[in-house]
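Colleague: Return atomic coordinates for the entry below.
(chains A, B, C, D, E and F)
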Protein chains: 4
Amino acid sequence: MSDERGGHRRDLDARERILSTTMRMLGVLGYSRLSIGGIAQEAAVGKATIYRSWANKAALVLDAVRVQLPDVPVADIGDSEEEIVAVAETLAEIYGSPTVRLVLSALVSDAAADPELAQRLREELIDQRKKQSVVVLDRAIDRGTLPPDADVSTVLDMWAGLMLFRSLFYGVSLDEQFVRDLVSATLGSPPRTTTRGERPET
Amino acid sequence: MSDERGGHRRDLDARERILSTTMRMLGVLGYSRLSIGGIAQEAAVGKATIYRSWANKAALVLDAVRVQLPDVPVADIGDSEEEIVAVAETLAEIYGSPTVRLVLSALVSDAAADPELAQRLREELIDQRKKQSVVVLDRAIDRGTLPPDADVSTVLDMWAGLMLFRSLFYGVSLDEQFVRDLVSATLGSPPRTTTRGERPET
Amino acid sequence: MSDERGGHRRDLDARERILSTTMRMLGVLGYSRLSIGGIAQEAAVGKATIYRSWANKAALVLDAVRVQLPDVPVADIGDSEEEIVAVAETLAEIYGSPTVRLVLSALVSDAAADPELAQRLREELIDQRKKQSVVVLDRAIDRGTLPPDADVSTVLDMWAGLMLFRSLFYGVSLDEQFVRDLVSATLGSPPRTTTRGERPET
Amino acid sequence: MSDERGGHRRDLDARERILSTTMRMLGVLGYSRLSIGGIAQEAAVGKATIYRSWANKAALVLDAVRVQLPDVPVADIGDSEEEIVAVAETLAEIYGSPTVRLVLSALVSDAAADPELAQRLREELIDQRKKQSVVVLDRAIDRGTLPPDADVSTVLDMWAGLMLFRSLFYGVSLDEQFVRDLVSATLGSPPRTTTRGERPET
DNA sequence: AAGTAAACGAGACGGTACGTCGTGTCTTCCG
DNA sequence: CGGAAGACACGACGTACCGTCTCGTTTACTT
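Modeller: This next block holds a predicted model:
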């Protein structure tokens, strides 16, 4: 789809226009007042052109938002603590952004009736950043910055959950201090993996 | 509103019928396919009767769900650890329930365009349970089960965030083992309150 | 409206279906029980499709009725008296028909609050037939069947008024005898044009 | 209904207030925008109080209008021509009044689905004035001002029809000159009664 | 004077229809 | 011949009235 030869250059323009118009109107109107017809009109595009590429409003918005989100920095800079802070700051940037606040709940809501959307939502927004983050935390275990039995997945879900929870319900900004405190507390004593049915020693 | 003079008092039967019909249809149809008109028809009620008491679908569903949610047990049973486990299990029951999964994201989404709904959502669903939980955790601090500088609010938000995150995106069941592990890890080394700008010692 | 560029042209089938369904339901239900929603459902058409072409029920019914009404015969058949009888019979057919009885009063009533409807009603239902009738009566003046100062407009309004009045309030059938008597009486001594303020000699 | 024992008798003030409020609002809003609820509120009266006395909006308006209409003068003043002009002027006042223009068509329209209303409408508005008028025209026959075989009923229906027709569709004022001309033309050569099936000689 | 019962204002109730909007599909015509 | 323009069937929205009903309250007659 990106290597078409000689094809209609206009297609890409249209696609681009649709996505950027979507983001712009999303900011202005919010998700619920956003309509496919409105986007089509604003982007000077036929509605059918949108439906040709996206099944519904949710899929379109998911695509539009996805490309705007920053990647998690996975580069090895020698200091695991600093790497982890960078990871957490990126997560905070994602989960604390006004756009994600506007969109994520709506997508989750729509996903309840659309399993395919649910899968794409999890894979493209959540799991992708999580996999990148896991790389950094696993390296921290190798270096001894985190204990060998640290439950990396739970750590990350807990961070994301806390960030999302506070962003959605309290609208607080997730500032640098919040992130550093969160990382510090976790590094000090992360949740450990447990064998089912067996209580870990504390 | 309750002491108006003259006129036919609000028919409590109708109110009851609306709320229970709402819950029943919510389970069958999900939030997005739920419609005010459908509820009215099913409950043998005029649409106006619904709109007289609730501004929109979200407010109605919020009311219907609210009364179904369990309260957090705050009773002093002597053992703070068991009390905390009970708290966490109730939170898991709330945030892990299929109904909440169906509804919460939709309400949060609608709340983005309706500040009054946002406030009611936070106050009646989130803050109320949180206040009850805080009572138990504060008692644990008094007893020494938790250190004096434990950041109770963050502990609770982290728990709720983790539960909600996993429920929404992974659809996992929040079983007893999960809850006990979560509590254990937190009791072992909870996040501490920090003075802004000052790094806590780890 | 007919030369718009692009887009799906107004579906003439739908238009046709709407008008015929309107006439059919009008006969069954009468004007007041007729509803736009009901017509839409029966014609397998969206309500919006009706509202796209007609501003309200009255405009729709006016259109539906208009095309069903017979034209006044204006052909020169040599005998003015017979021509006039034919004119009067057509007027009687119009003003005496059950459909017109059902519709005209309702349209007039609605027209009280809708000047545009009032104009269309007069132009398309009343004036058009009247203009045709005037042609025949003017020819009768030329031929000497009517006196040169016969007040053609008043004659026609009096006929229409009488027919409508009896149809609306007495529900009588306007049969052939009634029409011939009416024409005879009028031919014998029609109302004359008068100069304002000047009494005609009787 | 008049010998009920005990309790609060029908509040005649209320009845009066309802009728006058109806007339006032009718002038302001027109018939279609007039609502029972609106009248009740404006007259500081419960809706049930209105429904207790009138079956529907049409019956209420009919009552309100009826009492406002002038009676036809039937007094013998010696000169039949002047008497007839007075009759015609009263009819013109009735059929040409803005209120009747507003109301009559609406009532006729509603009457199509309500035979009882239809009867009351004809009896109380039409026939009553007509009977009074017939007295005057019959006297004119006795005096020789009109020929013995003049069809009095048709004369009156023709007048009323013409007046109503012009009032409804052309909104013209029915001035004194119009009335005198109409009477003159009719006196000169009124429609005659005919035996059914037999052509009258002209 | 106290008791009582109908009629009252108010307005909530179950409904019906309104006119608007958004959806996702389909058709027509332009460049 | 691909795409904008937008008409289409559908169905939910939130509003306005309808005509019925159920409340307390206010009389005016009865005892």
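Colleague: residues in chain A within reach of DNA strand E, list them.
Modeller: When proximity is defined as C-beta under 7 Å from any atom of the strand, chain A approaches DNA strand E at A:33-38, A:46-48, A:51, A:56-57. (C-beta placed from N, C-alpha, C; glycine too.)
Colleague: for chain A, which helix is longest?
Modeller: The longest helix of chain A (DSSP state H) is helix A:9-33.
Colleague: Buried residues, it. List them.
Modeller: Of all the residues in helix A:9-33, those buried under the rule 16 or more other C-beta atoms under 10 Å in any protein chain shown are A:14-15, A:17-19, A:21-23, A:25-26, A:30-31.
Colleague: which other residues reach it?
Modeller: Applying C-beta atoms under 8 Å, 6 or more residues apart in numbering or on different chains, the external contacts of helix A:9-33 come out as A:4, A:34, A:38-39, A:42-45, A:49-50, A:53, A:57, A:60-61, A:63-65, A:67-68, A:98-99, A:102-103, A:106, B:109-110, B:112-113.
Colleague: tell me what whatever helix or strand comes next after it is packed against?
Modeller: The C-terminal neighbour of helix A:9-33 among helices and strands, as given by DSSP states H and E, is helix A:36-42. Here helix A:36-42 touches helix A:9-33, helix A:47-53, helix A:57-66, going by 3 or more C-beta pairs under 8 Å, 6 or more residues apart in numbering or on different chains; DSSP states H and E.
Colleague: The one helix or strand A:Asp181 maps to near chain B at all?
Modeller: Assessed by DSSP H and E, A:Asp181 sits inside helix A:176-188. Yes: applying C-beta under 8 Å from any C-beta of the partner chain, one finds helix A:176-188 touching chain B at A:177, A:180-182, A:184-185, A:187-188.
Colleague: do stretch A:61-77 as well
Modeller: No: under the criterion of C-beta under 8 Å from any C-beta, stretch A:61-77 makes no contact with chain B; the nearest approach is 11.5 Å.
Colleague: That stretch - what's its average pLDDT?
Modeller: Over the span of stretch A:61-77, the pLDDT mean works out to 95.
Colleague: Repeat that for stretch A:17-33.
Modeller: For stretch A:17-33, mean pLDDT is 94.
Colleague: okay, it in CSV with CA atoms only?
Modeller: Extracted C-alpha coordinates of stretch A:17-33, given in CSV (Å, rounded to 0.1, in the frame of the first residue of the first chain):
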residue,chain,number,x,y,z
ARG,A,17,-6.0,14.6,4.5
ILE,A,18,-8.5,12.3,6.1
LEU,A,19,-6.2,11.4,9.0
SER,A,20,-5.1,14.9,9.7
THR,A,21,-8.7,16.3,9.4
THR,A,22,-9.7,13.6,11.8
MET,A,23,-7.1,14.6,14.4
ARG,A,24,-8.0,18.3,14.0
MET,A,25,-11.7,17.8,14.4
LEU,A,26,-11.2,15.3,17.2
GLY,A,27,-9.5,18.1,19.2
VAL,A,28,-12.2,20.5,18.4
LEU,A,29,-15.3,18.4,18.7
GLY,A,30,-14.4,15.4,20.9
TYR,A,31,-15.0,11.8,19.9
SER,A,32,-18.8,11.7,20.2
ARG,A,33,-19.5,14.8,18.1
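Colleague: Just the buried ones from the contacts of helix A:9-33?
Modeller: Neighbour-count burial (16+ other C-beta under 10 Å) applied to the contacts of helix A:9-33 gives A:34, A:39, A:43, A:45, A:49-50, A:57, A:60-61, A:63-65, A:99, A:102-103, A:106, B:109-110, B:112.
Colleague: Could you pull up phi and psi at the one residue sitting closest to the centre of chain A?
Modeller: Chain A has A:Leu125 as the residue nearest its centroid, 4.0 Å off, counting by C-alpha atoms, centre = their mean. With angles defined as degrees, to the nearest 10, A:Leu125 sits at phi -100, psi -50.
Colleague: so how far is B:Ser109 from it?
Modeller: A:Leu125 sits 15 Å away from B:Ser109, going by C-beta to C-beta, to the nearest Å.
Colleague: since we're on the closest residue in space to A:Asp114 that isn't next to it in sequence, how many residues are nearby?
Modeller: Distances taken as C-beta to C-beta, 6 or more residues apart in numbering or on different chains place A:Ala58 nearest to A:Asp114, at 7.0 Å, with adjacent residues excluded. Using other C-beta atoms under 10 Å in any protein chain shown, A:Ala58 has 23 neighbouring residues.
Colleague: Then A:Pro148?
Modeller: A count of neighbours around A:Pro148, defined by other C-beta under 10 Å, yields 9.
Colleague: Which element, helix or strand, includes it?
Modeller: Counting by DSSP H and E, A:Pro148 is found in no helix or strand.
Colleague: so it makes contact with A:Ile141?
Modeller: Yes: A:Pro148 lies in contact with A:Ile141 (C-beta atoms under 8 Å); the separation is 5.9 Å.
Colleague: So for those two, which residues contact both of them?
Modeller: By C-beta under 8 Å, 6+ apart, A:Pro148 and A:Ile141 have no common neighbours.
Colleague: ok, the residue nearest to A:Asp114 touching A:Ala112?
Modeller: No: counting by C-beta under 8 Å, A:Ala58 does not reach A:Ala112; the two are 10.8 Å apart.
Colleague: tell me, what's touching these two both at once?
Modeller: By C-beta under 8 Å, 6+ apart, no residue touches both A:Ala58 and A:Ala112.
Colleague: which other helices and strands contact the helix holding A:Asp181?
Modeller: Packed next to helix A:176-188, using 3+ C-beta pairs under 8 Å, 6+ apart, are helix A:80-96, helix A:152-165.
Colleague: Quick one: work out the angle between that helix and helix A:80-96.
Modeller: Angle between the axes of helix A:176-188 and helix A:80-96 is 130 degrees (criterion: axes from the mean of the first three to the mean of the last three C-alpha atoms, to 10 degrees).
Colleague: Give me the neighbour count for the residue of chain A at minimum distance from chain C.
Modeller: In chain A, no residue comes nearer to chain C than A:Gly46, which is 9.3 Å away by C-beta to the nearest C-beta. Neighbourhood size, A:Gly46 [other C-beta under 10 Å]: 14.
Colleague: Now do the same contact list for it.
Modeller: A:Ala40.
Colleague: again with the one 10 residues further on
Modeller: Residues touching A:Asn56, when contacts are defined by C-beta under 8 Å, 6+ apart, comprise A:36, A:110, A:114, A:117.
Colleague: Among those residues, which one sits closest to DNA strand F?
Modeller: Nearest to DNA strand F among the contacts of A:Asn56, counting by C-beta to the nearest atom of the strand, is A:Ile36 at 10.0 Å.
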